[in-house]
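*Asks:* Just need the structure, nothing else, for what follows:
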Amino acid sequence: MIATSRLRRNDVIALALVAVLTLVPIPLGSNRPGLWAITDMLIFLVFLVQAITRVFDKDERARFLPADRLLPIGFVAVAVWHSVQLLPLGQLVSDGQSGIAAFGDTISVVPGQTLLMLLNYLAYGVVFILAFQIGQRPGRAKRLYEYTGYMVAAFGLYALFVLAVQDNALLGMPRQFYVGDAAGTFVNRNSFASFLGLGLVINTGLVALALFGVAREGQRPDLRAAAMHGLLAALLLAALLATHSRMGLFSSLFGALLAATLYAFQSRRGARLRVGTAVVIAFGFGALALMYGQGVLERLGSTQSSLDVRTELYAQVWDLVLLRPMTGFGAGGFEAAFPLVHGLPVSPDLVWDKAHNTYLTLFAELGLGMGLVAIAIVAWLCRRMFGALGAGILPRLGAAVGLGATAQLGLHAFVDFSLEIHAVAILYAFLLGLGMAATEARRFQ
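*Replies:* A predicted model of the protein is given here:
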């Protein structure tokens, strides 16, 4: 009776979490401060319910946190640094340069924004913990991957529909930017491409599971599941091509193929079948790209000019980092601080609210030290997930998808800010949590 009650409770928590995952992308990818607060409160509420019910369950087998001590230490250190940036320590970063000491008494140049970013950061951690807890049972983790694969594909289908039928309206309103590009419920096509890419990684991983997830020699692959998730992957690829996002498409294909390859080459299937399947998947992606990728090909012609602009932008952002290499300008403070270094040839007619490079954003806002700590946390998670590739049929899926998603977003983060979009970051935290849960799945096998 206790075990049944626990299963039901965890299933309810899983349902509540995926409901939040479904709602977050709808209003502009939740890329507005008011929407951050609402979604964060929903996430904290789910976590509170889970924590309270867990206290009274003395027989709970799932770990509350990963066994690695370095992970919580690193996470808490970054959270504490967000808080330190809100303290009246502004005089510590005053160096007499014009404008540097004119922001206020705190290290953060925008303390209100930094507080919101702290709440976001904690919410991502909570999503990771919840996914880690409920994903340690392999069967439930597989259902969560299936649901999120369907969910992201539904957003891709909606984007194609409004692009073809409703003049690419944004939630029923005329779109001001990216009028001819699929962006769905998002404002920015590149951020939407990253969101779709996570769905592509998930569904490609599920295809690999259906074809190569065998417990014994001679067991037949699940061709029905492979066909279903293959169709969803094709739909997502079509939507990705319609975004006309160059790096969004490339990074998504890279992450999806990496996830499938990591899973397939750990399986018991013969080498010929593994190589043959990889060739078929690559050929299928390539065929779709040739048929529907004209817009992306047209944009490749402007790659050099875009690269020139980005190079100049990155040089100025690095100058900003060097103004406060230790403390940063406060989480969420890039837009307010960038005018300190902004100049030609980076256009003065545009509002540069993002650095278009998440790594540089981390260094500019948190400082070099804490920026590297944040990156090291993800690197350590990847190390653990790589070790789980041999943990079993279903745990291998979590590890492969987590590594594929990290490769996809990590690559795209070099040239854009998709990871700074709330809906993308929350879904990624969810996949990281499930990926780390794979390291504990042996306890339930």
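*Asks:* what's the burial count for the nearest residue to His82 once chain neighbours are set aside?
*Replies:* Counting by CB to CB, 6 or more residues apart in numbering, Leu118 is the residue found nearest to His82 once chain neighbours are left out, at 4.1 Å. The C-beta positions use only the backbone N, C-alpha and C, and glycine is treated the same way. Leu118 has 20 neighbours, counted by other CB atoms under 10 Å.
*Asks:* Tell me if I'm right that Leu118 and Trp81 touch.
*Replies:* No. With contacts counted by CB atoms under 8 Å, Leu118 stays clear of Trp81, the gap being 9.5 Å.
*Asks:* Helices of the stretch 201-350 of the chain, start to end?
*Replies:* 223-243, 246-264, 271-292, 294-300, 303-323, 334-337 (DSSP state H, counting those that start in this stretch).
*Asks:* just to revisit the earlier point, quick one, what contacts the residue nearest to His82?
*Replies:* 79, 82-83, 86, 331 (CB atoms under 8 Å, 6 or more residues apart in numbering).
*Asks:* Could I get those residues in TSV, plus columns for secondary structure?
*Replies:* As requested, those are exported to TSV (DSSP: H, G, I helix; E, B strand; the rest coil):
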residue	secondary structure
Ala79	helix
His82	helix
Ser83	helix
Leu86	coil
Ala331	coil
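*Asks:* which of those residues has the most neighbours?
*Replies:* Ala331 (27 neighbours).
*Asks:* what about that one, distance to Lys354?
*Replies:* 14 Å (CB to CB, to the nearest Å).
*Asks:* What of Ala79?
*Replies:* From Ala79 to Lys354 the distance is 23 Å (CB to CB).
*Asks:* Same question for Leu240.
*Replies:* 21 Å.
*Asks:* what do you get for Arg69?
*Replies:* Distance from Arg69 to Lys354, by CB to CB: 34 Å.
*Asks:* cool, and Glu440?
*Replies:* In terms of CB to CB, Glu440 sits 36 Å off from Lys354.
*Asks:* same thing with Leu362?
*Replies:* For Leu362, the distance to Lys354 - CB to CB - is 12 Å.
*Asks:* likewise Gly172?
*Replies:* Noted for Gly172: a distance of 26 Å to Lys354, by CB to CB.
*Asks:* Next, count neighbours for Ser191.
*Replies:* 28.
*Asks:* Contact partners for it?
*Replies:* 29, 31, 416-418, 421, 424.
*Asks:* List of residues touching the helix or strand harbouring Arg8?
*Replies:* Assessed by DSSP states H and E, Arg8 sits inside helix 2-23. Applying CB under 8 Å, 6+ apart, the contact partners of helix 2-23 are 39, 42-43, 46, 49-50, 53, 57, 59-60, 62, 127, 130-131, 133-134, 137, 140, 143-144, 147-148, 151, 426-427, 430.
*Asks:* Neighbour count: Leu362 and Lys354, which is higher?
*Replies:* Leu362 (26 against 18).
*Asks:* ok, the more buried one - contacts?
*Replies:* Contacts of Leu362 (CB under 8 Å, 6+ apart): 370-371, 374-375.
*Asks:* That one is in what secondary structure piece?
*Replies:* With DSSP H and E as the test, Leu362 turns up in helix 358-387.
*Asks:* Can you give me the buried ones in that helix?
*Replies:* Of the residues in helix 358-387, 358-368, 370-371, 373-375, 377, 381-382, 384-385 count as buried by neighbour count, 16 or more other CB atoms under 10 Å.
*Asks:* Are there helices or strands packed against the helix or strand following it, and which ones?
*Replies:* As assigned by DSSP H and E, the chain's next helix or strand after helix 358-387 is helix 393-412. If contacts are counted by 3 or more CB pairs under 8 Å, 6 or more residues apart in numbering; DSSP states H and E, helix 393-412 sits against helix 138-165, helix 189-212, helix 246-264, helix 358-387, helix 422-437.
*Asks:* Please produce a markdown table containing these, extended by distance to Leu340.
*Replies:* Converted to a markdown table, those look like this (distance: least, CB to CB, whole Å):
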| stretch | distance to Leu340 |
| --- | --- |
| helix 138-165 | 38 |
| helix 189-212 | 26 |
| helix 246-264 | 28 |
| helix 358-387 | 10 |
| helix 422-437 | 27 |
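*Asks:* Of the ones you listed, which is nearest Pro345?
*Replies:* helix 358-387 (17.8 Å; CB to CB).
*Asks:* Now do that closest one against helix 303-323, angle only.
*Replies:* 100 degrees (axes from the mean of the first three to the mean of the last three CA atoms, to 10 degrees).
*Asks:* Mean confidence (pLDDT) on helix 358-387, please.
*Replies:* Per-residue pLDDT values across helix 358-387 average out to 96.
*Asks:* do the same with stretch 148-155
*Replies:* Here the average pLDDT along stretch 148-155 is 97.
*Asks:* Buried by neighbour count: which residues of that stretch qualify?
*Replies:* Those would be 148-149, 151-153, 155, for stretch 148-155 by 16+ other CB under 10 Å.
*Asks:* What of stretch 133-141?
*Replies:* So for stretch 133-141, counting by 16+ other CB under 10 Å, buried means 133-138, 140-141.
*Asks:* before we move on, what about stretch 313-322?
*Replies:* Buried, per 16+ other CB under 10 Å, within stretch 313-322: 313-314, 316-317, 320-321.
*Asks:* Give me the distance from the next helix-or-strand element following the helix holding Arg8 to the chain's centre.
*Replies:* The helix or strand immediately downstream of helix 2-23 is helix 33-55, counting by DSSP H and E. The chain centroid and the centroid of helix 33-55 are separated by 19 Å, computed with CA atoms, centre = their mean, to the nearest Å.
*Asks:* and helix 33-55, what does it pack onto?
*Replies:* Using 3+ CB pairs under 8 Å, 6+ apart: helix 33-55 touches helix 2-23, helix 111-134, helix 422-437.
*Asks:* Out of the ones you listed, which one sits most buried?
*Replies:* Looking across the helices and strands packed on helix 33-55 with neighbours counted as mean count of other CB atoms under 10 Å, the highest average goes to helix 422-437: a mean of 26.
*Asks:* For Asn190, give its distance to Leu196.
*Replies:* 11 Å.
*Asks:* what pLDDT does Leu323 get?
*Replies:* Predicted confidence (pLDDT) for Leu323: 93.
*Asks:* Just give the number of residues close to it.
*Replies:* 18.
*Asks:* just to revisit the earlier point, nearest to His412, out of the buried residues of stretch 313-322: which one, please.
*Replies:* Tyr314 (15.2 Å).
*Asks:* Quick check, the closest one in contact with Leu360.
*Replies:* Yes. Assessed by CB under 8 Å, Tyr314 is found in contact with Leu360 at 6.3 Å.
*Asks:* avg pLDDT for stretch 84-102?
*Replies:* 68.
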